[in-house]
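Enquirer: here is a sequence together with a model predicted from it:
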Amino acid sequence: MAAKKSTLKVILLGDGGVGKSSLMNRYVTNKFDAHLFHTIGVEFLNKELTVDGYKVTLQIWDTAGQERFRSLRTPFYRGSDCCLLTFSVDDSQSFLNLSNWKKEFIYYADIKEPEKFPFVVLGNKVDVAERQVSSEEAREWCQENGDYPYYETSAKDATNVAVAFEEAVHRVLAMDDKTDYLISTDTVRLHRKPRSATTCCS
Ligand SMILES: Nc1nc2c(ncn2[C@@H]2O[C@H](COP(=O)(O)OP(=O)(O)OP(=O)(O)O)[C@@H](O)[C@H]2O)c(=O)[nH]1
């Protein structure tokens, strides 16, 4: 019997500065830092959640968007269950680059059936007044590329951040083969012992 898998790996990709680290930090720690340094290579954080009746440890991998760190990030693409393609709505170049990010991911993650792989697209920094990418343009791109879910997020004020990560989990769970490996909360029974008078031992 296959080992139970309760960890899902979700990877954030997109140009440097679009807000990948900020989105991860907002979701996991509910904090925002206006002066983050660029990521070098990759970093990850875990978050536990229950979606569709399944207990999941979401392992969120935040990658360095800057081109000079390409060779440091690509080895970590393999084994991803979902990819969050991220751009910033105030930076049209980051939107134009989504296709390159998708291609890079499919190649280095060695995805055999790209049309079946769950991508989710995030247009971040919607709190900023000067937009360069409209919601319509972004939705059109998502539709043409595989009907990907699209979320307009702000790591700064937390708009749509949790719902976007949860959608990533939904998308993975919707794939036939995944739920076999996850622990359904219906079948988990916690046998809690009565608390004893002595709570410490040396
Ligand atoms: N206004 C606004 N600023 C944001 C938002 N998200 C991130 N930022 C800011 O944008 C800058 C870059 O954010 P990061 O999270 O470091 O971006 P990144 O995509 O991880 O960048 P790399 O590590 O270089 O790939 C930081 O100054 C953040 O504070 C947002 O939703 N709104």
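Expert: Looks like it came in fine. Numbers count the residues shown, from 1 in each chain.

Enquirer: CA only for contacts and neighbour counts going forward, please
Expert: OK.

Enquirer: quick one: the helices in the chain, in order.
Expert: 20-29, 70-73, 92-96, 98-108, 135-146, 161-173 (DSSP state H).

Enquirer: those: which one's closest to the ligand?
Expert: helix 20-29 (3.7 Å; C-alpha to the nearest ligand atom).

Enquirer: can you give me the buried ones in the closest one?
Expert: Lys20, Ser21, Ser22, Leu23, Met24, Asn25, Arg26, Tyr27, Val28 (16 or more other C-alpha atoms under 10 Å).

Enquirer: which stretches of the chain have low pLDDT?
Expert: Along the chain, segments meeting pLDDT under 70 span 1-5, 176-202.

Enquirer: next, the distance between the ends of stretch 115-131.
Expert: 30 Å (C-alpha to C-alpha, to the nearest Å).

Enquirer: which residues does that stretch contact?
Expert: 18-19, 81-91, 111, 138, 142, 146, 148-157, 164, 167-168, 171-172 (C-alpha atoms under 8 Å, 6 or more residues apart in numbering).

Enquirer: buried residues in it, which are they?
Expert: For stretch 115-131, burial by neighbour count (16+ other C-alpha under 10 Å) applies to Phe117, Pro118, Phe119, Val120, Val121, Leu122, Gly123, Asn124, Lys125, Val126, Asp127.

Enquirer: swap in stretch 134-153?
Expert: By 16+ other C-alpha under 10 Å, the buried positions in stretch 134-153 come out as Ala138, Arg139, Trp141, Cys142, Tyr148, Pro149, Tyr150, Tyr151, Glu152, Thr153.

Enquirer: what's near enough to touch the fifth one?
Expert: Applying C-alpha under 8 Å, 6+ apart, we find Tyr148 in contact with Pro118, Phe119, Val120, Val121, Cys142.

Enquirer: from the residues you listed, which single one is nearest the ligand?
Expert: Nearest to the ligand among the contacts of Tyr148, with distances taken as C-alpha to the nearest ligand atom, is Val121, at 13.7 Å.

Enquirer: what bridges to that closest one?
Expert: Applying DSSP bridges to Val121 yields these beta-bridge partners: Leu85, Tyr150.
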